[in-house]
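Trainee: This is a predicted model, with the sequence first.
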Amino acid sequence: MAELPDDVKGWIGKKLYEQWGEFDVERGYIFTTCASVQNGNPLFWDEKAAQELTGGFIAPPTMISVWFRPHHWSPGRTEEAVPLQLHFDLKKRLALPEAVMTDNTITFYDPVRVGDRLKTYQVLRSVSDEKQTKLGIGRFWVLDVEYENQKGEKVATESYTGLGYRRAS
Amino acid sequence: MSWKGLTLEQVKAGQALPDLPIDVTATTVVAGAIASRDYRPMHHDKDFAVERNGVRNIFINTPHNAAFFERYITDWTGPKGRLGKIQFRMKDSVFPGDRMVFHGRVEKVETDAAGCGWASLAVWLTVGEKTTTECTARIALPVSADDNPWKRRGDDWRP
């Protein structure tokens, strides 16, 4: 069984990939998300409901990760940008070409409001030994993503379990 | 104006949420990938999904799955329902051609020390006989017609 490399052990518990969102939270993406699941909650569509219940338009809480997903292209970028960079770093460093997310927990704090600019960072919590899974031999890892608004208020904490694997030949 | 929705006293442990069936198409999958700017090919390119991922088609991604669960839960609660926590485990993927059905049950009803009403839910997604995703959620509900969980901040909000 392959030992976990020392540099990967060193990533555990460190605040990594601290970054600001590329753009303010805006209603276009909120509509696109709501439309993709036919979510008619008036908080996202009806100004009167939003004003009365949430003090203005907010974003669907489960959209939290969406505000940090990179666009497919941007000027000057030379390498492919990926969401959850730490997940992709693990795949590459551990030579596990395929990966899926198995568990996702999101805890919601202050609502994300239209016009907010959010900040995030990622923390690797653990990496398992190699295991035989139904997809192939691989490792499970747990990583947390913390989110704050421009006032430093916590808006969400997200925890993912990923499985990186090599397909059985 | 009073918005249609549940108050805590209308919710009991053991109560079932109404099922929500959705027929999944390739457009469903791609709409979720677009909404989350997820350009990974297994969510839009069937050849890649089959040849590289070893699955039978493109499949619904994680943020889209989360958005469906949120919609399912808040369709039931109404707009005053405020999610505190959602946890889900994807056991299998959902593909075009599948009829996915959301199911839910109230596990526990409580009021916390700050006076906030909570319902703990078990929610699960099936395709045919198979459960593809299991979810638990904790959602705040108004304790009276005048209450609004969205007004809670700081120590009054304990998700």
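Mentor: Looks like it came in fine.

Trainee: all strands for chain A, in order.
Mentor: For chain A, the strands defined by DSSP state E occupy A:15-20, A:98-108, A:119-127, A:131-132, A:136-148, A:154-167.

Trainee: between the ones you listed, which gets nearest to chain B?
Mentor: Closest to chain B of the strands of chain A, according to C-beta to the nearest C-beta: strand A:98-108, at 4.1 Å. (Glycine included, C-beta is placed from N, CA and C.)

Trainee: who does that closest one pair up with?
Mentor: In the sheet, strand A:98-108 lines up against strand A:154-167 (antiparallel), strand B:82-90 (antiparallel) (DSSP bridges).

Trainee: which residue is nearest the centroid of the chain?
Mentor: In the absence of a named chain, chain A is used. A:Ser65 (4.2 Å; C-alpha atoms, centre = their mean).

Trainee: was after chain B, sorry
Mentor: B:Phe69 (1.3 Å).

Trainee: Test for you: state the pLDDT assigned to the closest residue to A:Leu135 other than its chain neighbours.
Mentor: Using C-beta to C-beta, 6 or more residues apart in numbering or on different chains and skipping the chain neighbours, the partner closest in space to A:Leu135 is A:Tyr165 (4.9 Å). pLDDT, A:Tyr165: 95.

Trainee: rewinding a little: comparing the strands of chain A by mean pLDDT, which bottoms out?
Mentor: Among those, strand A:98-108 scores lowest, with a mean of 90.

Trainee: contacting residues around it?
Mentor: Residues from elsewhere that reach strand A:98-108, judged by C-beta atoms under 8 Å, 6 or more residues apart in numbering or on different chains: A:61-62, A:64, A:87, A:91, A:135-136, A:138, A:140, A:155-167, B:52-54, B:62, B:65-66, B:82-91, B:159.

Trainee: again, only using 6 Å
Mentor: A:61, A:91, A:156-165, B:62, B:83, B:85-90, B:159 (C-beta atoms under 6 Å, 6 or more residues apart in numbering or on different chains).

Trainee: And stretch A:9-25, by the same measure?
Mentor: By C-beta under 6 Å, 6+ apart, stretch A:9-25 touches A:59, A:67-68, A:85-86, A:112, A:114-119, A:121-122, A:124.

Trainee: End to end on it, go ahead and measure it.
Mentor: 35 Å (C-alpha to C-alpha, to the nearest Å).

Trainee: just stretch B:10-30 next, same as before
Mentor: 37 Å.

Trainee: Any residue of it touching chain A?
Mentor: No - applying C-beta under 6 Å from any C-beta of the partner chain, one finds stretch B:10-30 separated from chain A by no less than 7.7 Å.

Trainee: and that stretch, which residues are buried?
Mentor: B:11, B:17, B:20, B:22, B:24, B:28-30 (16 or more other C-beta atoms under 10 Å in any protein chain shown).

Trainee: what's in contact with it?
Mentor: Stretch B:10-30 has contacts (C-beta under 6 Å, 6+ apart) with B:44, B:58, B:60, B:72, B:76, B:94, B:96, B:98-106, B:108-109, B:119.

Trainee: List only buried entries from those.
Mentor: B:44, B:58, B:60, B:72, B:76, B:94, B:96, B:98, B:100, B:102-104, B:106, B:109, B:119.

Trainee: Determine which two of these are furthest apart.
Mentor: B:His44 and B:Val109 (41.4 Å; C-beta to C-beta).

Trainee: How about A:Leu96, nearest residue that isn't a chain neighbour?
Mentor: That would be A:Gly164: by C-beta to C-beta, 6+ apart, it lies 3.3 Å from A:Leu96.

Trainee: Please name the residues that touch the one you found.
Mentor: A:90-91, A:94, A:96, A:99, A:138-139.

Trainee: and which of the residues you listed is nearest A:Ala35?
Mentor: Closest to A:Ala35, out of all of the contacts of A:Gly164 and judged by C-beta to C-beta, is A:Ala99, at 28.3 Å.

Trainee: Leaving out chain neighbours, which residue sits closest to that closest one?
Mentor: Distances taken as C-beta to C-beta, 6+ apart place A:Gly164 nearest to A:Ala99, at 4.3 Å, with adjacent residues excluded.

Trainee: give me the number of residues near the residue nearest to A:Glu158 when sequence neighbours are not counted?
Mentor: Leaving aside its sequence neighbours, A:Glu158 sits nearest to A:Val145 (C-beta to C-beta, 6+ apart; 4.4 Å). With neighbours defined by other C-beta atoms under 10 Å in any protein chain shown, the count for A:Val145 comes to 22.
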